[in-house]
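K.L.:
Give me coordinates for this.
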Amino acid sequence: MSPFFQEQSSRFLHWFEEAALPFWATRARDEKGGFFEALDLYGQPLVDTPKRLRVQARQAFSFARADVLGLYAGREASDHAFDFLLSHGRAEEGFVHTLRRDHRPAPAAECARENHGRKDQKTLDRVECKPD
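P.N.:
From the prediction side, this is the model:
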């Protein structure tokens, strides 16, 4: 490994351990369940934004992996995201794509906009949203 890459990797890991993980674990945590996925420029959560289940899964994985690697004690944060995903995100066949702030599944039209603005039936079927 080149010295430059080694230095940059070290800087990244330090930032990840000391800044990013603690910041997201505290600032983005929603006490009603899961994590907010967007923060404003002051680090405050944008509470009226919907929650995409893939973000909750990503948070659960990231905190769990950081815990396993010894980078951050992320087990509780991982469980918080995973418990929310399982309690609110299940559908009859799989999981919903997006939840509203009140944790109800978002209508298919909202999910289609979320999915790069595509509104074709294949996209709606694939993202597993609840019908309006």
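
K.L.:
okay, CA-based contacts and neighbour counts for the rest of this
P.N.:
Fine.

K.L.:
what's near enough to touch D67?
P.N.:
73-75 (C-alpha atoms under 8 Å, 6 or more residues apart in numbering).

K.L.:
hmm, 6 Å instead?
P.N.:
Applying C-alpha atoms under 6 Å, 6 or more residues apart in numbering, we find D67 in contact with 73-74.

K.L.:
buried set for the helix or strand hosting it?
P.N.:
Using DSSP states H and E, D67 sits within helix 53-68. Across helix 53-68, burial judged by 16 or more other C-alpha atoms under 10 Å covers 53, 55-57, 59-67.

K.L.:
Grab the nearest non-local neighbour of the residue nearest to the spatial centre of the chain.
P.N.:
By C-alpha atoms, centre = their mean, the chain has its centre lying nearest to V55, at 2.2 Å. Excluding the flanking residues, the one nearest V55 by C-alpha to C-alpha, 6 or more residues apart in numbering is E37, at 6.8 Å.

K.L.:
now swap in F95 and tell me
P.N.:
In space, and not counting its chain neighbours, F95 is closest to G89: 5.3 Å by C-alpha to C-alpha, 6+ apart.

K.L.:
My understanding was that the one you found contacts L99; is that so?
P.N.:
No. The criterion here is C-alpha atoms under 6 Å, and G89 misses it with L99 at 7.5 Å.

K.L.:
got any ranges where this protein has weak pLDDT?
P.N.:
108-132 (pLDDT under 70).

K.L.:
rerun at 90
P.N.:
1, 91-95, 101, 106-132 (pLDDT under 90).

K.L.:
And the strands in it, which stretches?
P.N.:
Ranges of strands within the chain are 51-52, 90-91, 94-95, 98-99, based on DSSP state E.

K.L.:
In a markdown table, list those strands along with mean neighbour count and distance to S2.
P.N.:
Shown next, in a markdown table, are the strands of the chain (neighbours: other C-alpha atoms under 10 Å; distance: least, C-alpha to C-alpha, whole Å):
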| stretch | mean neighbour count | distance to S2 |
| --- | --- | --- |
| strand 51-52 | 23 | 38 |
| strand 90-91 | 14 | 46 |
| strand 94-95 | 14 | 43 |
| strand 98-99 | 24 | 42 |
